[in-house]
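Enquirer: 3D model of this:
(2 chains)
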Amino acid sequence: MLPIVLLSVFGIILLFLGFQKSRAVLLPACLLFIVVALATTFIDWNKTYLYFNGMLLMNNLAMVFIAIVLISAFMVVALSGHYLEDEAAQPAEYYALLLFSLVGAIMMITFENLIMLFVGIEILSVAMYILTGSDKHNLRSNEAAIKYFLMGAFATGIMLFGIALLYGATGSFAVSGIAGYVGTGSGVSLLLYMGLLLLLIGVLFKVSAAPFHFWTPDVYDGAPTLFTAYMSTVVKTAGFAALLRLLSLPFSGVYGFWWVILAVITALTLVAGNVTAVYQNSFKRMMAYSSISHAGYLLIGLAALTQQSRQALVFYSLAYSLATISAFGILLLVARERSMNQLNTDNRSDESFDAFNGLARKNPLLGFVMAVSMLSLAGIPLTAGFWGKFMVFSAAAERGMIWLLVVAVLMSAVGIYYYLRVVIAMYFREGSMESIRIAPFYRFVLIAATVLTIALGIAPGLIQGLV
Amino acid sequence: MLTLALILFPIVAALFVLAIKGESAKQVAFGAALIELVLAAYAFVQFVPNAQSQFGFDYPWLASGGIRFTAGIDGISLLLVVLTGLLVPLIILSAFRQQYDRPSAFYALILFMQAALMGVFTARDAFLFYLFFEAALIPIYFLAAMWGGENRIPVTLKFFVYTIFGSLFMLLGIIYLYYQTGSMVAGPPVAGAPAIGAAHSSAIADFYTLNLSPAAQGWLFWAFFIAFAIKMPVFPFHTWQPDTYVESPTPATMLLAGIMLKMGVYGVIRLMLPIVPAGVDVWGTTAMVLAIIGIVYGSVIAIRQRDMKRLIAYSSFAHVGLMAAGVFSQTANGLQGALVQMLAHGINVVGLFFVAEIIFSRTNSRMLDQLGGITRTTPKLTVYFMIILLGSVALPLTNGFVGEFLLLSGVFSYNNWLGAIAGLTIILGAVYMLRMYQKSMFGTASARTAGFADVSGSESWVLIPLVVMVFWIGMYPNTFLKLTEPAVTNLLQYITG
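Expert: Alright, predicted model coming up:
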């Protein structure tokens, strides 16, 4: 449980480092802190421990999820170099908030008590509300923050209500306590079903599953790109880890109750995310809908909840995070390049598909990284995304959920269409993009993510056996 | 291990080619393709004609899931491996006179394509097959969309989305079959509970021995059929094909028509017939009728075409319809015919597209009404073109005859009426092919075609091997038929038994 303690302390240290004149130390310090947290995560490998009076439970699955979250955070921070050049920005505060939010994410992943789940979600969310609005002079950023905050607070309320009902039904906040109550089988109280439903709604809101997804496009679009990348990966991974623990431990006994609900939500999410993404002209907004659709694919693995669901969710989260962060990293570069070269009337950088026109000609590396990310998100073989999809699909096939699979397959085909639009713009259209200068470390992170995506695509066994 | 070399060598060569700056990329790529041809020829010579899979390798891939990285060559694979090995160097050589922008990427993609095709034709694991089946799409998509004609972007997008859409259904089918193997039951919904029973397997051979209910076979038939029908393409799934063939640069068109559409026919033979025989019994006639509609429809449209490339595209659509019909007849003749015809059609269609490209490069037109009178100055082209054309028309003693004869006899033994209609392909094929020849080569020379230079150098070296193959397969088809026969007989046991 060292990472929680360490990250809290590191966050405070970062705030103090912010008092210094020189900002140069912030980025490496933050990266170092995340690496240290990542290293200490694995101290408990192959052991299962209860921490803080039975509030948090650490096991291998949780550690792997924590590792994915920390790797995502590492990549996002590594791509944040431009904040150091921006006079108006407050990098120390952003980094500190990111570290604090990671504490929340870890609590969501390891909760053994529903109170911890609630506290974790809140820690993560409050940090995200602030970061979403961190572009203070941008109206869209402010709008996004207030929307996110209002909707988030509402969802939290529903979730808390659900937890209260669960307590009423079972007399316990603890995962093991609830599991014991559900396990007795006969006479499960109606309160439990109500409570579970409300709790699910709260968490599904955070992972932007339909029909609780309406905040997502506006918030993702309005937030600074870097934090959009963070939200769509770290928050989603932590949310799904929490859902997995919730559904597989305490509530697996009432699978018959919730799987239909979850399957319907899954189908809705897939259709809403994919079909709406087709009509977007802004890349960033397309990525927002794409993140909704990927929530749908991950939900397939949950709705099926078989032996391999854990494996599938881990693999999918990792593949999705790698591809998403690389894509946003390139969007960041491209949008900055565009806004430097031309005047934008509304003081916003160009984030449409057209911004990518001709990118690959002058910037073969960026084009390649982006193309691999898009193909991975589309689930084309030889990328990690294919195996992610494969694993969730086969979990559902094992359960015999054929109708859900047919929906998922049709929506995958739709997905290929909008992901390819980016590839087409980069490779086949003419554009005025000049060669973009990339910092060495930035380049390294992009290449590492791409290599990992392809390596996992060729040899998915690499991370097998971890969970 | 030879199989592994056949798959990996083009990848290594492609990475090497990528690193080369300038026009020398094409020579290196050609050299690599020749080495690959030697490997394929070695497999051809060393192959022992029995039903066994040979030169194979087998590594664990997703160990816990029983999914293995395993491939090998049997009689059915062999002809396609030879076809791929033979055509790719010729395709590269055919592009020697062209100046493509960024040549290293262009030729590297062709080699990547070759690796994926070799993988498809040799994979012995269903997931590996699927992986290569999809992976082949990426290089060809980039080839077509990057170096294609004016309208390339929407056309290739349609091609890409359409074909992936089809193969996703195949993926569903494969996943379903995978769970039918072994005796592992879905565990209780508790994470961490131990699995019970024997492990699943995704080996294609294990799929053959499954006992599937007729209902399951029915929907599996369609899951596979849609994937392969789009790839081949079979009517009414062909709408992507003519535009894509026309818009693609000619080497990509050759890859598509010469080799890639065989992936569909091969898939039907390898996966559909032996795995879902009851499904084929029920729906085979439907599939065959669709294929035969495609033959007539494609031929009739081909007769009306002005654009040579489009005409050849429709002729290819008609020919592959006959292959599909023959395969669905589930007879030894039909299957043998399809295998030989795949080889023959690959050779003919590459030759025809190359001739169209030669004509286009000198006259800047592929429109039949703007051509004519080429024969006067081109004795060599006249002869080569005529021989390849006659192979395509299935004149006896040419390669097309053997395949079409066997295919038609297969269809006839299935149903006389269907056989009679499918037989129209011979008449209609002669009409559109000879019309193309007449309009483009004979007649009076126009300003465009006056002073048409005869083929020379690298062009001859593409056409001569093709012409040799036309005669070889036409006069002594037994070289190839005896290699495929044991595998086909073996396959038929699963279909009838």
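Enquirer: Pull out the buried positions in the helix or strand in which A:Y148 is found.
Expert: With elements taken from DSSP states H and E, the one containing A:Y148 is helix A:139-170. Residues of helix A:139-170 classed as buried under the neighbour-count rule (16 or more other Cβ atoms under 10 Å in any protein chain shown) are A:141-145, A:147-149, A:151-152, A:155-156, A:158-167, A:169-170. In this view, the C-beta of every residue, glycine as well, is placed from N, C-alpha and C.
Enquirer: what number of residues lie near B:P396?
Expert: Using other Cβ atoms under 10 Å in any protein chain shown as the criterion, B:P396 is surrounded by 11 other residues.
Enquirer: and it, that's in a helix?
Expert: No. Per DSSP: H, G, I helix; E, B strand; the rest coil, B:P396 lies outside any helix segment and is coil.
Enquirer: Least confident secondary structure element in the chain?
Expert: You didn't say which chain, so I picked chain A. Least confident helix or strand, chain A: helix A:82-85 with a mean of 74, by mean pLDDT, DSSP states H and E.
Enquirer: nope, chain B
Expert: Among the secondary structure pieces of chain B, namely its helices and strands, strand B:54-62 has the lowest mean (mean pLDDT, DSSP H and E), a mean of 85.
Enquirer: on contacts alone, who are the packing partners of the following helix or strand past the least confident helix or strand of chain A?
Expert: For helix A:82-85, the following helix or strand on the C-terminal side (DSSP H and E) is helix A:91-110. Under the contact criterion of 3 or more Cβ pairs under 8 Å, 6 or more residues apart in numbering or on different chains; DSSP states H and E, helix A:91-110 touches helix A:2-17, helix A:26-41, strand A:56-58, helix A:60-78, helix A:82-85, helix A:114-132, helix A:236-248.
Enquirer: close to chain B, is the last one?
Expert: Read that as helix A:236-248. Yes. Judged by Cβ under 8 Å from any Cβ of the partner chain, helix A:236-248 comes into contact with chain B through A:L244, A:S248.
Enquirer: Just the CA trace of that helix, in CSV.
Expert: This file holds the C-alpha atoms of helix A:236-248, laid out as CSV (Å, rounded to 0.1, in the frame of the first residue of the first chain):
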residue,chain,number,x,y,z
LYS,A,236,-11.8,4.8,-17.3
THR,A,237,-9.3,2.1,-16.3
ALA,A,238,-9.8,2.8,-12.6
GLY,A,239,-13.6,2.8,-13.1
PHE,A,240,-13.5,-0.6,-14.8
ALA,A,241,-11.2,-2.1,-12.2
ALA,A,242,-13.7,-0.9,-9.6
LEU,A,243,-16.7,-2.4,-11.6
LEU,A,244,-14.8,-5.6,-12.1
ARG,A,245,-14.1,-6.0,-8.4
LEU,A,246,-17.7,-4.9,-7.5
LEU,A,247,-19.4,-7.3,-9.9
SER,A,248,-17.1,-10.3,-9.5
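Enquirer: Please enumerate residues in contact with the helix or strand following that helix?
Expert: Heading C-terminal from helix A:236-248, the first helix or strand you meet, by DSSP H and E, is helix A:255-278. Identification of contacts with helix A:255-278 by Cβ atoms under 8 Å, 6 or more residues apart in numbering or on different chains yields A:193, A:196-197, A:200, A:204, A:209-211, A:213, A:217, A:247, A:251, A:286, A:289-297, A:299-300, A:302-303, A:305, A:401, A:404, A:407-408, A:411, A:414-415, A:417-418, B:189.
Enquirer: average pLDDT for helix A:255-278?
Expert: Averaging pLDDT along helix A:255-278 gives 93.
Enquirer: Give the other helices and strands that the helix or strand following that helix contacts.
Expert: Toward the C-terminal end, the helix or strand that comes next after helix A:255-278 (DSSP H and E) is helix A:283-304. For helix A:283-304, the elements it packs on are helix A:215-222, helix A:225-230, helix A:236-248, helix A:255-278, helix A:309-341, helix A:384-399, helix A:402-428, judged by 3+ Cβ pairs under 8 Å, 6+ apart.
Enquirer: Let's have these in JSON lines, adding mean neighbour count.
Expert: Putting the helices and strands packed on helix A:283-304 into JSON lines (neighbours: other Cβ atoms under 10 Å in any protein chain shown) gives the following:
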{"stretch": "helix A:215-222", "mean neighbour count": "23"}
{"stretch": "helix A:225-230", "mean neighbour count": "26"}
{"stretch": "helix A:236-248", "mean neighbour count": "25"}
{"stretch": "helix A:255-278", "mean neighbour count": "20"}
{"stretch": "helix A:309-341", "mean neighbour count": "24"}
{"stretch": "helix A:384-399", "mean neighbour count": "26"}
{"stretch": "helix A:402-428", "mean neighbour count": "22"}
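Enquirer: In a markdown table: these, plus distance to B:S392.
Expert: Shown next, in a markdown table, are the helices and strands packed on helix A:283-304 (distance: least, Cβ to Cβ, whole Å):
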| stretch | distance to B:S392 |
| --- | --- |
| helix A:215-222 | 54 |
| helix A:225-230 | 54 |
| helix A:236-248 | 55 |
| helix A:255-278 | 41 |
| helix A:309-341 | 45 |
| helix A:384-399 | 38 |
| helix A:402-428 | 33 |
